[in-house]
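**Q** any chance you can model this:
(one chain, ligands or ions: 2)
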Amino acid sequence: MTMLDSQLMLDSQPFVPEDRNNATVVSSAPFSQSTFPQTPSAPPAESSPAEFLHPTSVTVPSDSFPSDELFPPEQFKSQEEPSADAAQTELFETNPPPWELAVEDDVLLASIVFSKSPHGPYDYRIPDSLREDLKPGMRVGVPLGHRKKSTLGWCVAVKEGSAAHRKLRDVAELLDDTPLCDAALVRLVMWMGHYYQVPAGQVFDTLIPSSVRAGAGTRQTTYFTPAKDLTDEQISKLPAKQQAVVRLLISSGKPTTAAELAVAVGCTEDPIRRLRKKEILIPEVRREMHSNIRILAQHNDGERKQKLELTEQQQAALERINTAVDSGRGRTLLLHGVTGSGKTEVYIKAIEHVVSQAGSAIVMVPEISLTPQTRGRFESRFDSVAVLHSQMSPSERHYHWQRIRRGEVQVVIGPRSAVFAPLPNLGLIVLDEEHDTSFKQDSQPRYHARKVAHARAMALGIPLLLGSATPSLEAWHASQCGHAELISMPNRVANRPMPDVQLVDLRIRDERGGSGAISRPLHAAVLETIRDKGQAILLLNRRGFATTIQCPSCGHVVACPDCDMPLTHHRDGGKAMCHYCDYTIGTPPWCPACRFDGIRYGGLGTQKLEMEAKAKFPNARIARMDSDTMKRPGSHQRVLSEFRNGDIDMLLGTQMIAKGLDFPNVLLVGVINADSALHFPDFRAAERTFQLVTQVAGRTGRGDRGGRVIVQTFTPEHPAIQAASRHDYHKFVEEEMVNRRKFNYPPLGSVARIIIRGPLEDKTEAVADGILARLESARDLLGSEVRILGPAPPPIGRLRGKYRFHLLLQATEAAVVGETIRRALADFKTDPKDEIEFLVDIDPVNLL
Ligand code: ADP
Ligand code: ZN
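**A** Ligands and ions are numbered 1, 2, ... in the order given. Here you go, the predicted structure:
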């Protein structure tokens, strides 16, 4: 494809290059699978043996098999080469006679993993002084290699073991008083590490927020208690002030700070210092939360609270969810409810049921739909809700985390990372808008919240509730094979009809109208809406002003020097920006190649649409919502509440406006270009298009005045657009499954992707070829049926100055794909001086 083609496709997607948040970019010796041998058990599967997203039948070590044991201790390596040990085990079989056990199992060992290479796990001896206190889920300091300082690691298991035949080093110190995650979460970490092929230490770093690890918002406070065995005689010999301090402490019986003591006694802190020196007062240092952490005011956006009587279909859905909650079994429920069917109310009622039994719940929503409205709906119904979002300060995040862990929170609401919230009595996990791509993390570990939530729910024996008007094909397929229970809500509340959808064929000049992006029918509909004092939403999934800057004389396209992608012209400030790496220059007034004066801006972005809309509808109050205008904290909230109050007539923007909003006065939704995501080189392109159009269409017709939708498209006959225009999810799925079946794409098969990148094209390609050869021989060795595609340059062939190649693996079962990669990359190393990195993406949702 040409550069321009790919640009057209790319810009319409929310896209974060995998390198974007690369705090943990894989180095040239990345996963060290060789030192990462655990065969962790997945959390127990559902009643049906296969796991829903990736049914497995065991041909190779399964990626998801039920087992009570976390991972057999012998899976862990000792610090030394394991060969001697391994041989020993074999020699003695698995059942040594009891007297040998007694002699050999004489030490307590800790398995420790590290987030930086080498990743472990390694065994350490636990010295007697730490025996009582060291628990899995704690951080420890241990000696590693020749390093002088001790290295931070995570304890993943404590076990009896043998110190015979190997030299073991001691755990040096404990860094936590209590584990940062309980046993179930440690298991989840190990499973994630295995499934996503990421060192467990790095999974811990994701699971436990950095603010928690750093103790953000805490301070150390010293408390004093009187020494034991103090006699009255001793005390009475002390100077008066010191006496008063000691007597006060003894009578109060509780540890007290120096400042408090000084105030109570009416002295300076000097007598206390002296007592401390004489060891009459014993200090104890505690780490505590600041009492004055600023918690951002949480408020509703003004939606009126109302007691709702559930509709019949809501009631039926609720009963099935409650039954699942009461069953005490892990199971997946798919709530397929059309837009406006009242899914949120069902979640709330189900959680009320959980809370009434002293349980708690997690609700995950795409961050962008974590609006004040969503928040308000939950906060008005529960005593204690923790809302997690990306704009929280570290101390605020830490504060909530501690509350959650202490069991003080009933409901946690947040984006994908909320799946790790350490609620002690978790009774239900809800994944709202489960089809949303933001649930997949685009940096290491590349986990999907749905998959992780499933693992966590099944291990705890609690239900996972997936909700969507446009379920992902994965979830849908699971419901069709009995791995998930389908609950349908086909109607909107209050008998409201689904909105009428009108397709505008942009190929027809008469329809298209003049030169702008707003077609004649859409123009007329907007005028009508404004006349009727209604509100309108216009969707255009590309930000910026113009998406290409091209010279009409020589054809030169102004592109990013590091990414080979065209720059987007932003009108504010006259900038030309790369949307992939943020490279920015002033927009050149003439062609940088041939100096032709009259460079042209092509392609349409939201800024340009805004200009057109303002010119065409001068009386309308218009607001633009995209990641450029929503940069400042609170701006999202502000615009939405202005919209709710009727201070804005028209909201236009990227997919930000397509999700979750529930405003009764929206009478019109316009989709400027429904095809923008359709021609992606991605097997999910049609699915994304269907979802986007259906979701944005669902923003209208939510009040008593009805609503209509106008979808502009160059391919009105496309099945995804046809199905979306008829609100016909089933028809879409039926047709799309035919395509998936043809190539065994998900949900039928499983896919993984390996990306290789480096500064030199030929060397990078050579490494990719080397990986291909290893994959092929691993496949042959395993006798597995894995299709391997590539290596080939992905649509973004160069990013941030690095050339990229990728390989796609496909098989019927996830476990087979996973094991093939694990085998192939074990021990694989590249020459550090070539600076070539590779990374593995299991179940990728982004193929760019
Ligand atoms: P969905 O998430 O399914 O698109 P929402 O949960 O946003 O739908 O609900 C749509 C609207 O219907 C909301 O304004 C909500 O308050 C309202 N609603 C939900 N349940 C009921 C009910 N039983 N009776 C009346 N209104 C309801
Ligand atoms: Zn760039």
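
**Q** look at whichever residue of the stretch 601-750 of the chain sits closest to ligand 2 and give its secondary structure.
**A** Closest contact between the stretch 601-750 of the chain and ligand 2, by CB to the ion, is at Ser627 (16.2 Å). Quick note: C-beta positions are derived from backbone N, CA and C, even for glycine. Judged by DSSP: H, G, I helix; E, B strand; the rest coil, the three-state class of Ser627 is coil.

**Q** which residue is the nearest non-sequential neighbour of it?
**A** Distances taken as CB to CB, 6 or more residues apart in numbering put Arg543 closest to Ser627, at 6.1 Å, once the chain neighbours are dropped.

**Q** burial of the one you found, as a residue count?
**A** Arg543 has 23 neighbours, counted by other CB atoms under 10 Å.

**Q** per-residue pLDDT of it, please?
**A** Arg543 is assigned 87 on the pLDDT scale.

**Q** over to Pro394?
**A** Looking at Pro394, its pLDDT is 87.

**Q** sketch out the low-pLDDT regions of this protein for me.
**A** The chain contains residues with pLDDT under 70 at 1-105, 164-165, 289-306.

**Q** let's see 50
**A** Of all residues in the chain, those with pLDDT under 50 make up the ranges 1-103, 297.

**Q** how about the residues of the stretch 601-750 of the chain that lie near ligand 1?
**A** Asp662 (CB under 6 Å from any ligand atom).

**Q** just the helices from the stretch 601-750 of the chain, written as ranges.
**A** Under the criterion DSSP state H, counting those that start in this stretch, helices of the stretch 601-750 of the chain are mapped to 606-616, 635-644, 685-697, 719-725, 729-743.

**Q** so what touches the third one?
**A** What it means is helix 685-697. For helix 685-697, contacts defined as CB atoms under 8 Å, 6 or more residues apart in numbering pick out 13, 339, 435, 437, 469-470, 472-473, 499, 501, 537, 539, 541, 655, 657-659, 669, 671, 674-675, 677-680, 682, 709, 711, 718-721, 723-725, 727, 729, 732, 736, 739.

**Q** touching, Val409 and Arg403? I think so.
**A** Yes. Contact criterion CB atoms under 8 Å: Val409 and Arg403 qualify, at 5.4 Å.

**Q** more neighbours, those two?
**A** Legend: neighbour count by other CB under 10 Å for Val409 and Arg403, higher for Val409 (24 against 15).

**Q** quick check: the more buried one vs Pro424, distance?
**A** Distance, Val409 to Pro424, using CB to CB, to the nearest Å: 10 Å.

**Q** now the stretch 651-800 of the chain against ligand 2: closest residue?
**A** Closest point on the stretch 651-800 of the chain to ligand 2, by CB to the ion, is Arg800, at 6.4 Å.

**Q** that residue and Tyr583, how far apart?
**A** 9 Å.

**Q** joint contacts of those two?
**A** Counting by CB under 8 Å, 6+ apart, the residues touching both Arg800 and Tyr583 are Asp562, Cys563.

**Q** tell me where the stretch 101-250 of the chain has strands.
**A** 107-113, 122-125, 139-142, 151-161, 173-174, 218-226 (DSSP state E, counting those that start in this stretch).

**Q** possible to save those strands as CSV with distance to Lys631 and mean neighbour count?
**A** What follows is these, written out as CSV (distance: least, CB to CB, whole Å; neighbours: other CB atoms under 10 Å):
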stretch, distance to Lys631, mean neighbour count
strand 107-113, 37, 24
strand 122-125, 44, 23
strand 139-142, 35, 20
strand 151-161, 35, 21
strand 173-174, 42, 14
strand 218-226, 30, 16
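
**Q** can you redo these as JSON lines with distance to ligand 1?
**A** Shown next, in JSON lines, are the strands of the stretch 101-250 of the chain (distance: least, CB to the nearest ligand atom, whole Å):
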{"stretch": "strand 107-113", "distance to ligand 1": "40"}
{"stretch": "strand 122-125", "distance to ligand 1": "48"}
{"stretch": "strand 139-142", "distance to ligand 1": "40"}
{"stretch": "strand 151-161", "distance to ligand 1": "39"}
{"stretch": "strand 173-174", "distance to ligand 1": "46"}
{"stretch": "strand 218-226", "distance to ligand 1": "38"}
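
**Q** could you dump the ones you listed to a markdown table with distance to ligand 2?
**A** Below are the strands of the stretch 101-250 of the chain laid out as a markdown table (distance: least, CB to the ion, whole Å):
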| stretch | distance to ligand 2 |
| --- | --- |
| strand 107-113 | 35 |
| strand 122-125 | 40 |
| strand 139-142 | 38 |
| strand 151-161 | 35 |
| strand 173-174 | 45 |
| strand 218-226 | 40 |
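
**Q** right, and Leu781 touches Arg823 too?
**A** Yes. The criterion here is CB under 8 Å, and Leu781 meets it with Arg823 at 6.8 Å.

**Q** between the two, who's got more neighbours?
**A** Arg823 (19 against 11).
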